[in-house]
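**Student:** using only what follows, build the 3D model:
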Amino acid sequence: MFVPWYRVRSLQDWFMPLDGCPECGYPYEREPGYFLMSIFAVNYGVGAMLGLILYLVFEYGFRLPIWLTLVLTVTPIPIFNVWFARHSKALFIAFDLFFDPHDRDEGDGDQPVASAPKRPKLDPVSPH
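**Tutor:** Have a look, this model is predicted:
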(Lines give C-alpha, C1' and ligand atoms only; values in the text may rest on other atoms or scores of the structure.)
Protein backbone atom coordinates (compact mmCIF):
# COMPACT_ATOMS: atom_id res chain seq x y z
CA MET A 1 0.00 0.00 0.00
CA PHE A 2 1.39 3.39 -0.99
CA VAL A 3 1.60 5.99 1.80
CA PRO A 4 1.51 9.61 0.58
CA TRP A 5 4.34 11.85 1.77
CA TYR A 6 2.01 13.96 3.92
CA ARG A 7 1.03 10.88 5.96
CA VAL A 8 4.60 10.06 6.97
CA ARG A 9 5.21 10.93 10.60
CA SER A 10 8.22 12.88 11.83
CA LEU A 11 11.14 11.45 13.79
CA GLN A 12 9.72 13.10 16.92
CA ASP A 13 6.59 10.92 16.62
CA TRP A 14 8.56 7.69 16.12
CA PHE A 15 7.90 6.34 19.63
CA MET A 16 4.44 7.90 20.10
CA PRO A 17 1.93 5.61 18.40
CA LEU A 18 -1.42 6.81 17.12
CA ASP A 19 -4.57 6.03 19.11
CA GLY A 20 -6.11 4.28 16.14
CA CYS A 21 -6.06 3.77 12.40
CA PRO A 22 -6.45 7.08 10.53
CA GLU A 23 -8.50 5.35 7.81
CA CYS A 24 -10.98 3.13 9.67
CA GLY A 25 -10.70 4.27 13.32
CA TYR A 26 -9.72 0.79 14.63
CA PRO A 27 -8.30 1.28 18.15
CA TYR A 28 -4.70 0.11 18.43
CA GLU A 29 -4.49 -0.41 22.17
CA ARG A 30 -7.12 -2.39 24.04
CA GLU A 31 -5.86 -1.93 27.59
CA PRO A 32 -2.77 -0.62 29.41
CA GLY A 33 0.23 -2.81 28.71
CA TYR A 34 -1.25 -4.13 25.48
CA PHE A 35 2.02 -3.86 23.57
CA LEU A 36 4.26 -5.52 26.18
CA MET A 37 4.01 -8.84 24.36
CA SER A 38 4.94 -7.17 21.07
CA ILE A 39 8.11 -5.76 22.61
CA PHE A 40 9.11 -8.84 24.62
CA ALA A 41 8.15 -11.59 22.19
CA VAL A 42 8.11 -10.13 18.70
CA ASN A 43 10.77 -7.41 18.85
CA TYR A 44 13.29 -9.18 21.10
CA GLY A 45 12.59 -12.54 19.47
CA VAL A 46 13.27 -11.25 15.97
CA GLY A 47 16.34 -9.37 17.26
CA ALA A 48 17.65 -12.57 18.88
CA MET A 49 17.09 -14.53 15.66
CA LEU A 50 18.96 -11.83 13.74
CA GLY A 51 21.85 -12.05 16.20
CA LEU A 52 21.93 -15.84 15.94
CA ILE A 53 21.93 -15.75 12.13
CA LEU A 54 24.67 -13.10 12.07
CA TYR A 55 26.78 -15.09 14.51
CA LEU A 56 26.45 -18.31 12.49
CA VAL A 57 27.30 -16.52 9.24
CA PHE A 58 30.36 -14.79 10.70
CA GLU A 59 31.56 -17.84 12.65
CA TYR A 60 31.10 -20.57 10.05
CA GLY A 61 30.95 -18.60 6.81
CA PHE A 62 33.88 -16.23 7.21
CA ARG A 63 35.89 -17.82 10.08
CA LEU A 64 36.55 -14.43 11.72
CA PRO A 65 38.27 -14.05 15.11
CA ILE A 66 35.86 -14.32 18.04
CA TRP A 67 36.22 -10.66 19.12
CA LEU A 68 35.37 -9.45 15.61
CA THR A 69 32.51 -11.93 15.32
CA LEU A 70 31.02 -10.68 18.59
CA VAL A 71 31.42 -7.01 17.65
CA LEU A 72 29.81 -7.56 14.24
CA THR A 73 27.01 -9.59 15.81
CA VAL A 74 26.17 -7.47 18.86
CA THR A 75 26.44 -3.99 17.29
CA PRO A 76 23.50 -4.16 14.82
CA ILE A 77 21.01 -5.75 17.24
CA PRO A 78 20.13 -2.61 19.31
CA ILE A 79 19.91 -0.56 16.12
CA PHE A 80 17.62 -3.15 14.57
CA ASN A 81 15.43 -3.36 17.70
CA VAL A 82 14.90 0.42 17.75
CA TRP A 83 14.04 0.41 14.05
CA PHE A 84 11.79 -2.68 14.33
CA ALA A 85 9.80 -1.51 17.40
CA ARG A 86 6.96 0.02 15.38
CA HIS A 87 6.85 -2.91 12.99
CA SER A 88 6.63 -5.39 15.87
CA LYS A 89 3.62 -3.49 17.22
CA ALA A 90 1.97 -3.62 13.79
CA LEU A 91 2.64 -7.37 13.53
CA PHE A 92 1.22 -7.88 17.02
CA ILE A 93 -1.94 -5.97 16.12
CA ALA A 94 -2.29 -8.05 12.95
CA PHE A 95 -1.87 -11.32 14.89
CA ASP A 96 -4.34 -10.18 17.53
CA LEU A 97 -6.90 -9.10 14.96
CA PHE A 98 -6.48 -12.39 13.09
CA PHE A 99 -6.94 -14.62 16.15
CA ASP A 100 -9.48 -12.40 17.97
CA PRO A 101 -11.41 -10.45 15.32
CA HIS A 102 -13.69 -7.60 16.34
CA ASP A 103 -16.56 -8.59 14.09
CA ARG A 104 -20.18 -7.82 14.71
CA ASP A 105 -22.13 -10.54 16.48
CA GLU A 106 -24.97 -12.25 14.65
CA GLY A 107 -28.21 -10.85 16.05
CA ASP A 108 -31.61 -12.52 15.74
CA GLY A 109 -33.34 -9.45 14.35
CA ASP A 110 -34.98 -7.74 17.34
CA GLN A 111 -31.94 -7.42 19.59
CA PRO A 112 -29.25 -4.81 19.03
CA VAL A 113 -26.01 -6.08 17.59
CA ALA A 114 -22.78 -5.52 19.57
CA SER A 115 -19.82 -4.13 17.69
CA ALA A 116 -16.42 -2.63 18.39
CA PRO A 117 -16.57 1.01 19.46
CA LYS A 118 -16.16 3.48 16.62
CA ARG A 119 -13.53 6.13 17.03
CA PRO A 120 -13.45 9.39 15.14
CA LYS A 121 -11.23 9.62 12.10
CA LEU A 122 -7.77 10.95 12.92
CA ASP A 123 -6.32 13.83 10.98
CA PRO A 124 -3.06 13.13 9.14
CA VAL A 125 0.04 14.79 10.44
CA SER A 126 0.57 18.06 8.61
CA PRO A 127 4.01 18.62 7.06
CA HIS A 128 6.00 21.37 8.80
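
**Student:** distance check, residue 89 against residue 56.
**Tutor:** Computed as Cβ to Cβ, to the nearest Å, the residue 89 to residue 56 distance reads 28 Å. C-betas here are computed from N, CA, C, even on glycine.

**Student:** tell me which of these two has more neighbours.
**Tutor:** Between residue 89 and residue 56, residue 89 has the larger neighbour count (other Cβ atoms under 10 Å), namely 19 against 12.

**Student:** and that one, which helix or strand is it part of?
**Tutor:** helix 76-99 (DSSP states H and E).

**Student:** buried ones in that helix?
**Tutor:** 80-81, 84-85, 88-89, 92-93, 96 (16 or more other Cβ atoms under 10 Å).

**Student:** report the two of these separated the most.
**Tutor:** For the buried residues of helix 76-99, the maximum inter-member distance is 23.0 Å, found between 80 and 96 (Cβ to Cβ).

**Student:** what's the mean pLDDT across the strand or helix carrying residue 48?
**Tutor:** Using DSSP H and E, residue 48 falls within helix 44-56. Averaged over helix 44-56, pLDDT sits at 96.

**Student:** what packs against that helix?
**Tutor:** helix 66-74, helix 76-99 (3 or more Cβ pairs under 8 Å, 6 or more residues apart in numbering; DSSP states H and E).

**Student:** fine, thanks again, bye for now.
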